[in-house]
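Participant: Whatever this is, show me its structure:
(one chain, ligands or ions: 2)
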Amino acid sequence: MSFILSLQNISKSFTGKQVLNRVCLDIEEGKFVTILGPSGSGKTTILKIITGVENSDEGQVLFKGNDITELEPQERRIPMVWQNLALFPHLDVEKNIIFGLKLRSLGDDEIKSKLVTMLDLLSISHLRGRDIHSLSGGERQRVALARAIILNEPIILLDEPFTGLDYDTAAKIQLELKKVQRELSITILMVTHHQYEASVLSDKIAILHEGIIQQYGTPQDIATNPKNTFVENFVKKADIFFHPEDGQARRRADG
Ligand code: ADP
Ligand code: MG
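Facilitator: Numbering: from 1, shown residues only. Ligands and ions are numbered 1, 2, ... in the order given. Modelled structure (predicted):
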């Protein structure tokens, strides 16, 4: 089996406090994988170590089998949607989305054509010339996703992408994201503290607690065969069931 991304024994401490303790994780190409853990469990730190904006104390990050641990962030070309989105407030929607492509010095025609496809894919064509300030939370989230997906890299990292959105908006964007991910066969690594979100979106979930991946498996594996009491109690909080026909997680309230 070949993995698009592998974390090998990643450890990290901040001022003497160990946050990550030999974390190992293999991610298959084309899958939606989620690291699920409580607030403060080190999820954002893992994404920072993968993108290279933070260094691990020990361990390696492999991308398609190559060790990228020592590469600068821009050399890694791994797009990340930050929790606060980090959109450029002084640029409109279009300029935000094409920002990364401009840095890659593509031709104007190619950029325009990719932009039009991306606006359409995320249903935001009508927002093209809008100011970032004038957008709703859900619209901003779509712009941030478009800005990452348009780079056409095989993997995207998402940090708590639905926090702060109301339930209906989050559910709608989740469905669309899953569809786009399948259509484009991109790999997504998301981190969240939200059991429900992780269960409905992911092919596999890694439960992170006390610096260690407690369990890595399908949402159904984890819900039905929790390896320890932490996992059991943590996933119990999700108000979900697994549909007998397709095995997909659904919210109880949605039937
Ligand atoms: P999560 O994203 O799971 O909520 P984080 O990865 O942001 O968790 O943080 C994990 C722990 O590491 C927290 O206790 C946080 O305060 C600490 N931490 C993260 N970054 C730093 C830093 N740059 N300096 C000191 N402590 C940090
Ligand atoms: Mg975080």
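
Participant: helices or strands next to the helix or strand bottoming out on mean pLDDT in the chain in the packing?
Facilitator: Least confident helix or strand of the chain, by mean pLDDT, DSSP states H and E, is strand 240-242 with a mean of 75. When contacts are defined as 3 or more Cβ pairs under 8 Å, 6 or more residues apart in numbering; DSSP states H and E, strand 240-242 packs onto helix 195-201, helix 219-224, strand 249-251. Glycine gets a C-beta too; all of them are placed from N, C-alpha and C.

Participant: Just tell me which of the ones you listed ends up closest to ligand 1.
Facilitator: Nearest to ligand 1, of all the helices and strands packed on strand 240-242, is helix 195-201, at 13.1 Å by Cβ to the nearest ligand atom.

Participant: Tell me where this structure has helices.
Facilitator: Ranges of helices within the chain are 43-51, 73-76, 93-103, 108-121, 137-149, 167-183, 195-201, 219-224, 229-236, based on DSSP state H.

Participant: gap between the longest one and the chain center?
Facilitator: Taking Cα atoms, centre = their mean, to the nearest Å, the mean C-alpha location of helix 167-183 is offset from the chain mean by 13 Å.

Participant: these two touch, right, residue 142 and residue 123?
Facilitator: Yes - using Cβ atoms under 8 Å, residue 142 is in contact with residue 123, at 7.2 Å.

Participant: These two: which is more packed in?
Facilitator: residue 142 (26 against 13; other Cβ atoms under 10 Å).

Participant: Quick check: the gap between that one and residue 172.
Facilitator: Note on residue 142: its distance to residue 172, by Cβ to Cβ, to the nearest Å, is 10 Å.

Participant: With distance to ligand 2 and mean pLDDT added, can I get the helices of the chain in JSON lines?
Facilitator: Formatted as JSON lines, these follow (distance: least, Cβ to the ion, whole Å; pLDDT from 0 to 100):
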{"stretch": "helix 43-51", "distance to ligand 2": "3", "mean pLDDT": "98"}
{"stretch": "helix 73-76", "distance to ligand 2": "18", "mean pLDDT": "92"}
{"stretch": "helix 93-103", "distance to ligand 2": "22", "mean pLDDT": "92"}
{"stretch": "helix 108-121", "distance to ligand 2": "26", "mean pLDDT": "94"}
{"stretch": "helix 137-149", "distance to ligand 2": "16", "mean pLDDT": "94"}
{"stretch": "helix 167-183", "distance to ligand 2": "17", "mean pLDDT": "91"}
{"stretch": "helix 195-201", "distance to ligand 2": "14", "mean pLDDT": "92"}
{"stretch": "helix 219-224", "distance to ligand 2": "20", "mean pLDDT": "92"}
{"stretch": "helix 229-236", "distance to ligand 2": "16", "mean pLDDT": "90"}
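
Participant: List the residues that contact residue 229.
Facilitator: With contact set as Cβ atoms under 8 Å, 6 or more residues apart in numbering, residue 229 has no partners.

Participant: From ligand 1, how far out is it?
Facilitator: 20 Å (Cβ to the nearest ligand atom, to the nearest Å).

Participant: same deal with residue 12?
Facilitator: Taking Cβ to the nearest ligand atom, one finds residue 12 at 8 Å from ligand 1.

Participant: ok, now residue 78?
Facilitator: Distance, residue 78 to ligand 1, by Cβ to the nearest ligand atom: 17 Å.

Participant: Please apply the same query to residue 107.
Facilitator: 38 Å.

Participant: How many residues are close by that residue?
Facilitator: Number of residues near residue 107 (other Cβ under 10 Å) recorded here: 9.
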